[in-house]
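[1] kindly return the folded structure for what I paste below:
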Amino acid sequence: MKSFSELGLSESLMRVLPEMGFEKPSPIQEQAIPLLKEKAQDFIGLAQTGTGKTAAFGLPLLDWINPDQKETQALVLAPTRELGQQIASQLALFAKYLPNIQTQAVYGGASIVVQIKEIKRRTPQIVIATPGRLLDLMRRKTLNLSAVKFVVLDEADEMLNMGFKDDLDDILSYTGDNKNTWLFSATMPKEIRSIVKNYMHKPVEVKVSTGNQVNENIEHQFALVNSTNKFEGLKRILDSEEGFRGVIFCRTRAATQQLADNLKKSGFQAEALHGEMSQAQRDRVMKRFKEHTLKLLVATDVAARGIDVNDLTHVIHYSLPDDDAYYTHRSGRTARAGKKGISLSILTNRDMRKFDALEKRLKLKMTKISIPSAKDIASKRLYTWAENILNTPTAKDVDGKILTDVQMLLGSLSYEELVEKLVSIELNALNYSKSSNDLNANGKSERKSSGKKRERGNRDHKDKGKKADKKIDFKGDRFFINVGKMDDVTKRDLVEFIADTARIKKSDVGTVEIQKNCSFFEVNKKYSKKIANSFKGIYVDGRELRVNRDS
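    Have a look, this model is predicted:
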């Protein structure tokens, strides 16, 4: 692999790259930059999101710009305002030692009047735009595009998926035949081939990935839990990783907002990022995230296209995506700029068939991990806490009388008693005793050593629901639980959850009735008192469980 110094970039750009954490070029950067620097030509780059495309076109584009020419010389088109903002921010950082080059992002959801004023004031040489807003500015004759020499289409397939085909035709036609068009896309559907045919001349094509190949620096993991334990499992994972900084993905806006709210209620620094938020709200959230005052983003797939952060430790798939490409896009948020990262899927038994198929198609090695126990988390936290005490330097300006008073107050305690009391305080702060049950699902989905399909196999089809509905031969009490269809649980899930939590046999759980917002179940009479006490302090998706005898 070549180094950046071998790609022909100017000294000003080479100076800024180490400051931004760029250590070695990604495959798309290594192949595209020399071609785009070599001569002005049309270009097609096929690469997935998260592979470093912005630098691949942004660095050579900056070297082509004439800083003394105060006209718009390049357009960069992006499908969403978030991606547009990301590109503009990245180009501005790359241009740190090119002070005479101005960039500007224009997009919907923000005041067009303010954007027009900025364009007139600064006359940017590079304009980054969403297609709709660029057309608005062109119709108002705000932008003079007569000097445009380069048009970059980033995530061209996504722009077409969002219905921008006519807008792109208008823009590419208006900017004439003397420009160079650089097109970047993850896929090449026929609509893009049409753009290539109509608006590009003998383009050079580079393809650095096929299908849904993913970054080798990403470690792909999964954890298997019962549906009712999913949120608690997520919290344990977050608690066990002290340096955790990442994005948690959900499929819908509603699920994204609900999960973020539940995490905040549980004491985590988390915010949602989705399409129903105003631009001002999204900007505030991203500002906090980039400034490290926010550790967790809970996002939808579309909103995540605007996340441009190089130091994410994790991506968590709280809901599996419906499209393999989205798994790749999500995972590509981590392990950027040569760093390592983890892509973790939190699964239930119902997800396994879909997950198996995804793993096979993407040719990935998925490693199963266990949800850590509360005891493991507490031990790890206590060890870190003790290390911090050990490494804390003694303050020199502490009042001697205060120290003497404290020593006299604690003087009656032995060393062992003092440590025990301090540890007890820390354990209480961790809520250690509230959720000590094992959250890992039973081993129906273990991998065989041969790497073939998991053992859950055909058993689900033969036995599904039978145990939950079998005729009971014991005297049972009927209980209410505030978990239902809205929690995406099956009778099998609920039986396993009840048995695991109360530490009884599944055969001691009788008939289960699942309704929309709640369920009813019968349990062997001799365990009724145990059932009533076992669910105290347990939460599902951020709400406390209620299990009461049904009278």
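[2] which positions in the longest helix seen in the chain come out as buried?
    Longest helix in the chain, counting residues (DSSP state H): helix 374-391. Buried residues in helix 374-391, counted by 16 or more other C-beta atoms under 10 Å: 374, 377-378, 381-382. Using the backbone N, CA and C atoms, a C-beta is placed for each residue, glycine as well.
[3] would you put the C-alpha positions of the following helix or strand past that helix in CSV?
    As assigned by DSSP states H and E, the chain's next helix or strand after helix 374-391 is helix 400-410. Only the C-alpha atoms of helix 400-410 are listed here, as CSV (Å, rounded to 0.1, in the frame of the first residue of the first chain):
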residue,chain,number,x,y,z
GLY,A,400,-4.6,19.9,58.2
LYS,A,401,-7.4,20.2,60.7
ILE,A,402,-9.9,18.8,58.2
LEU,A,403,-7.7,15.8,57.7
THR,A,404,-7.3,15.3,61.4
ASP,A,405,-11.1,15.5,62.0
VAL,A,406,-11.8,12.9,59.3
GLN,A,407,-9.1,10.6,60.6
MET,A,408,-10.5,10.8,64.1
LEU,A,409,-14.0,10.1,62.8
LEU,A,410,-12.9,7.1,60.9
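[4] what mean pLDDT does helix 400-410 have?
    Helix 400-410 comes out with an average pLDDT of 88.
[5] same deal with stretch 222-234?
    Stretch 222-234 shows an average pLDDT of 90 in the prediction.
[6] now swap in stretch 329-344 and tell me
    Averaged over stretch 329-344, pLDDT sits at 87.
[7] follow-up on the earlier one: got the buried residues of helix 374-391 as CSV, with distance to residue 65 columns?
    Below are those laid out as CSV (distance: C-beta to C-beta, whole Å):
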residue, distance to residue 65
374, 57
377, 52
378, 56
381, 51
382, 56
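[8] and residue 68, how many residues sit next to it?
    If you count neighbours by other C-beta atoms under 10 Å, residue 68 ends up with 7.
[9] just the helices in the stretch 151-300 of the chain please.
    All helices of the stretch 151-300 of the chain, identified by DSSP state H, counting those that start in this stretch, fall at 156-161, 165-174, 190-199, 230-240, 253-265, 279-290.
[10] which residues of the stretch 301-450 of the chain fall in helices?
    Here the stretch 301-450 of the chain has its helices, by DSSP H, counting those that start in this stretch, at 324-331, 352-362, 374-391, 400-410, 415-429.
[11] redo the ones you listed as TSV? Include distance to residue 268.
    Below are the helices of the stretch 301-450 of the chain laid out as TSV (distance: least, C-beta to C-beta, whole Å):
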stretch	distance to residue 268
helix 324-331	20
helix 352-362	25
helix 374-391	14
helix 400-410	33
helix 415-429	15
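[12] and these, which is most packed in?
    Among the helices of the stretch 301-450 of the chain, helix 324-331 has the highest mean neighbour count (mean count of other C-beta atoms under 10 Å), at a mean of 22.
[13] just give me how far that helix sits from the chain centre.
    Centroid separation for helix 324-331 versus its chain: 10 Å, with C-alpha atoms, centre = their mean, to the nearest Å.
[14] isn't residue 316 up against residue 246?
    Yes: with contact defined as C-beta atoms under 8 Å, residue 316 reaches residue 246; the gap is 6.3 Å.
[15] picking up where we left off before, nearest to residue 155 among the buried residues of helix 374-391?
    Closest to residue 155 out of those is residue 377 (39.4 Å), distances taken as C-beta to C-beta.
[16] how far away is that closest one from residue 423?
    For residue 377, the distance to residue 423 (C-beta to C-beta, to the nearest Å) stands at 14 Å.
[17] got it, and residue 257?
    From residue 257 to residue 423 the distance is 38 Å (C-beta to C-beta).
[18] ok so, going back, now the helices of the stretch 151-300 of the chain in JSON lines, with distance to residue 62 and mean neighbour count?
    Listed next are those as JSON lines, based on distance: least, C-beta to C-beta, whole Å; neighbours: other C-beta atoms under 10 Å:
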{"stretch": "helix 156-161", "distance to residue 62": "21", "mean neighbour count": "21"}
{"stretch": "helix 165-174", "distance to residue 62": "21", "mean neighbour count": "16"}
{"stretch": "helix 190-199", "distance to residue 62": "23", "mean neighbour count": "14"}
{"stretch": "helix 230-240", "distance to residue 62": "39", "mean neighbour count": "22"}
{"stretch": "helix 253-265", "distance to residue 62": "35", "mean neighbour count": "19"}
{"stretch": "helix 279-290", "distance to residue 62": "22", "mean neighbour count": "16"}
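[19] export these to CSV and tack on distance to residue 133?
    Below are the helices of the stretch 151-300 of the chain laid out as CSV (distance: least, C-beta to C-beta, whole Å):
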stretch, distance to residue 133
helix 156-161, 13
helix 165-174, 10
helix 190-199, 20
helix 230-240, 37
helix 253-265, 23
helix 279-290, 12
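[20] between those helices, which gets nearest to residue 325?
    Smallest distance to residue 325 across the helices of the stretch 151-300 of the chain (C-beta to C-beta): 9.3 Å, for helix 156-161.
[21] follow-up on the earlier one: out of the helices of the stretch 151-300 of the chain, which is closest to residue 532?
    Once the helices of the stretch 151-300 of the chain are compared by C-beta to C-beta, helix 230-240 is nearest, at 19.9 Å.
[22] what lies in contact with the closest one?
    223, 225, 244, 248, 259, 262-263, 266, 268, 296, 316, 318, 344, 346, 348, 371-372, 374, 376-377, 380-381, 435, 439, 538-542 (C-beta atoms under 8 Å, 6 or more residues apart in numbering).
[23] same question for stretch 76-89.
    Identification of contacts with stretch 76-89 by C-beta under 8 Å, 6+ apart yields 54, 57-58, 61, 91, 103-110, 126-131, 134, 151-155, 158-159, 161-162, 164, 168, 171, 279, 282, 302-303, 305-308.
[24] that older thread, looking at the helices of the stretch 301-450 of the chain, which is nearest to residue 510?
    helix 352-362 (26.9 Å).
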